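Undergrad: here are the coordinates; sequence isn't available:
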């Protein structure tokens, strides 16, 4: 199978790899949305899935740019990493690198909401409750889908806790994606901080494949094998 | 000076250390307050200051319990660490260890607010803005001050971005502390993620001492030297 072939090539940077010389843009990690200089909203993303994808892409010979929210992970070998903090930063950095990308894999868990107002000084505590008004952040994936060019293949991620496949299909359609990887983050051993993941790959062309529980690096390898198949139009 | 003597003893666990056999309870790190299974509020605390305090206390021969919010730091040698997530967890864990503690150093940056409601499923995005109602978390430091016994010495921390000394003195009084360490987190090289810190120590007995820019371990050593002086009633 293609997967075996790719796995054989992993680490050897075979020039015959389908991905050799391709530009791959990967996003990873959470974003942080500041309330004041001390407090912020964020999410449980560790960045591990995105980093595994970037690492695997580099091993496959691609030219890889990784745009990462705050993460404790080191830069994978052969990957060019740009660090960002907020959804707004992520948006700008992604579009700085979008045009030259052949494949874009948006594994970052970008915050959907940010405080409408960010305070320059630390907010003082008060008795009783407090209301914070949040506004929507830039929808990066949607913007990428809208500006996608013919030569570009766009992969989104969805992290859901219920109806994961159905939600994934809708998101694929709505955001003009070529493929989506849907995680059920309510599962043990899957999702954010785990070293393993269990997901489903759904493509615009109708392919749907379960990615069984495996290390995030193995999942990344399977992902590239599925993208290759999909891009080759299933000639295999 | 006492500081020199203590510094000489660091790492040797001299049985003549003032702290030998004392029970020291240290809190460190941020807390996380969940909005749903994916999203949460938190703050920029890295835990570094609290971990440096715990490490130093262990080297001084104390019996050290470290109660830590989410942090990537390893357990310091000779320290018993308990990991917690939310302010509520921190509150319960601290009081489980409070009675036997001689010195309590609350370096954790516990969230002041948490969402009034936590959702079991990931909240769906909606168009437009969103209002989140927050409620106050348990005031751990205040509760410690209220329940403090004669043999106990309670040290708080304050992380401020303006009027740091004045705010520190007020907090010392209001929370019935024996001492407070006030940081100006708006300074470069101080506060949350930095390896260095710059702060002021203020005691109930009227001592006020600047802790100049230094590594967090050095600041921790100075802190124990000041606490020792203060507990000995300034006989030095």
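TA: Arrived safely. Fair warning: this is a prediction, and the values are worked out from it, not measured in the lab.

Undergrad: From the contact counts, what lies against the longest helix anywhere in chain A?
TA: Assignment by DSSP state H gives helix A:216-231 as the longest helix of chain A. If contacts are counted by 3 or more Cβ pairs under 8 Å, 6 or more residues apart in numbering or on different chains; DSSP states H and E, helix A:216-231 sits against helix A:2-9, helix A:48-59, strand A:153-160, strand A:179-184, strand A:196-203, strand A:208-215. From N, CA and C alone the C-beta is placed, and that goes for glycine too.

Undergrad: State the mean pLDDT of that helix.
TA: Average pLDDT, helix A:216-231: 96.

Undergrad: for that helix, the distance to its chain's centre please.
TA: Taking Cα atoms, centre = their mean, to the nearest Å, one finds the center of helix A:216-231 at 14 Å from the center of the full chain.

Undergrad: what does stretch A:85-102 give?
TA: Worked out by Cα atoms, centre = their mean, stretch A:85-102 lies 12 Å from the chain centre.

Undergrad: Next: stretch A:78-92.
TA: The answer for stretch A:78-92 is 12 Å, by Cα atoms, centre = their mean.

Undergrad: got it, and stretch A:55-69?
TA: Here stretch A:55-69 is found 12 Å from its chain centre; the criterion is Cα atoms, centre = their mean.

Undergrad: you'd agree residue A:122 is up against residue A:38?
TA: Yes - contact status for residue A:122 versus residue A:38: in contact at 5.0 Å, counting by Cβ atoms under 8 Å.

Undergrad: Give me the common contacts of these two.
TA: Contact criterion Cβ atoms under 8 Å, 6 or more residues apart in numbering or on different chains; residues shared by residue A:122 and residue A:38: B:159, B:161, B:185.

Undergrad: Give me every residue in chain A lying close to chain B.
TA: A:35, A:37-44, A:72, A:109, A:111-113, A:116, A:120-122, A:125, A:127-136, A:159-162, A:185-186, A:192 (Cβ under 8 Å from any Cβ of the partner chain).

Undergrad: Drop the exposed ones from those residues and show what's left.
TA: For the residues of chain A next to chain B, a burial check counting by 16 or more other Cβ atoms under 10 Å in any protein chain shown picks out A:35, A:37-44, A:109, A:111-113, A:122, A:130, A:132, A:134, A:136, A:159-161, A:185-186, A:192.

Undergrad: Contact partners for the residue nearest to residue A:83 when sequence neighbours are not counted?
TA: Leaving aside its chain neighbours, residue A:83 sits nearest to residue A:68 (5.6 Å; criterion: Cβ to Cβ, 6 or more residues apart in numbering or on different chains). For residue A:68, the contact set (Cβ under 8 Å, 6+ apart) comprises A:27-29, A:47, A:50-51, A:81-84, A:108.

Undergrad: now, which of these lie within strands?
TA: Judged by DSSP state E, the subset of the contacts of residue A:68 located in strands is A:27-28, A:81-83.

Undergrad: Let's have the residues you listed in TSV, adding pLDDT.
TA: Output for the ones in strands among the contacts of residue A:68, formatted as TSV (pLDDT from 0 to 100):
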residue	pLDDT
A:27	98
A:28	98
A:81	98
A:82	98
A:83	98
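
Undergrad: between those residues, which is closest to chain B?
TA: residue A:83 (13.1 Å; Cβ to the nearest Cβ).

Undergrad: got the contact list for that closest one?
TA: Counting by Cβ under 8 Å, 6+ apart, residue A:83 touches A:68-70.

Undergrad: Tell me the one among those residues nearest to chain B.
TA: Nearest to chain B among those, with distances taken as Cβ to the nearest Cβ, is residue A:70, at 9.8 Å.

Undergrad: The closest one contacts residue A:29, correct?
TA: Yes - with contact defined as Cβ under 8 Å, residue A:70 reaches residue A:29; the gap is 6.2 Å.

Undergrad: neighbour count winner among those two?
TA: It is residue A:29, of residue A:70 and residue A:29, that has more neighbours when counted by other Cβ atoms under 10 Å in any protein chain shown, with 29 against 18.

Undergrad: Next, the residue sitting furthest away from the middle of chain A: secondary structure please.
TA: Relative to the centre of chain A, the most outlying C-alpha is that of residue A:127, 40.2 Å out, by Cα atoms, centre = their mean. Recorded secondary structure, residue A:127: coil (DSSP: H, G, I helix; E, B strand; the rest coil).

Undergrad: so where's chain A uncertain?
TA: A:1-15, A:187-193, A:234-236 (pLDDT under 70).

Undergrad: Can you give me every residue that contacts the residue most central in space within it?
TA: For chain A, residue A:107 is the residue whose C-alpha lies nearest the centre (Cα atoms, centre = their mean; 0.8 Å). Contacts for residue A:107 were tallied using Cβ under 8 Å, 6+ apart; they are A:26-28, A:49-50, A:53, A:157, A:181.

Undergrad: returning to that earlier point: which of the buried ones among the residues of chain A next to chain B fall within strands?
TA: Among these, the members falling in strands (DSSP E) are A:39-43, A:113, A:130, A:132, A:134, A:136, A:159-160.

Undergrad: hmm, which two among those residues are most spread apart?
TA: Using Cβ to Cβ, the two most remote members of those are A:130 and A:160, lying 29.4 Å apart.

Undergrad: Next up, the contacts around residue A:151.
TA: residue A:102.

Undergrad: where's it, which helix or strand?
TA: Assigned by DSSP states H and E, residue A:151 falls within no helix or strand.

Undergrad: Over to it: give its phi and psi.
TA: phi -80, psi 0 (degrees, to the nearest 10).

Undergrad: Next one: it from residue A:231, what distance?
TA: Going from residue A:151 to residue A:231 by Cβ to Cβ, to the nearest Å gives 10 Å.

Undergrad: Ok, residue A:168 next?
TA: Taking Cβ to Cβ as the measure, residue A:168 falls 20 Å from residue A:231.

Undergrad: more neighbours, the two?
TA: residue A:168 (25 against 17).

Undergrad: show me what contacts the closest residue to that one other than its chain neighbours?
TA: Once flanking residues are discounted, residue A:168 sits nearest to residue A:182: 3.5 Å by Cβ to Cβ, 6+ apart. Contacts for residue A:182 (Cβ under 8 Å, 6+ apart) come out as A:157-158, A:160, A:164-165, A:167-168, A:199-200, A:202.

Undergrad: residue contacts, the nearest residue to residue A:50 once chain neighbours are set aside?
TA: Sequence neighbours aside, residue A:28 is the residue nearest to residue A:50 in space, at 2.3 Å (criterion: Cβ to Cβ, 6+ apart). Neighbouring residues of residue A:28 by Cβ under 8 Å, 6+ apart: A:45, A:47, A:49-51, A:53-54, A:66-69, A:71, A:107-108.

Undergrad: got CSV for those residues, with distance to residue B:176 too?
TA: CSV is the format used below for the contacts of residue A:28 (distance: Cβ to Cβ, whole Å):
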residue, distance to residue B:176
A:45, 40
A:47, 42
A:49, 47
A:50, 47
A:51, 47
A:53, 52
A:54, 51
A:66, 50
A:67, 48
A:68, 44
A:69, 40
A:71, 40
A:107, 49
A:108, 45
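
Undergrad: which among these gets closest to residue B:211?
TA: Set against residue B:211, the nearest of the contacts of residue A:28 by Cβ to Cβ is residue A:71 (31.2 Å).

Undergrad: This completes my enquiry, with thanks.
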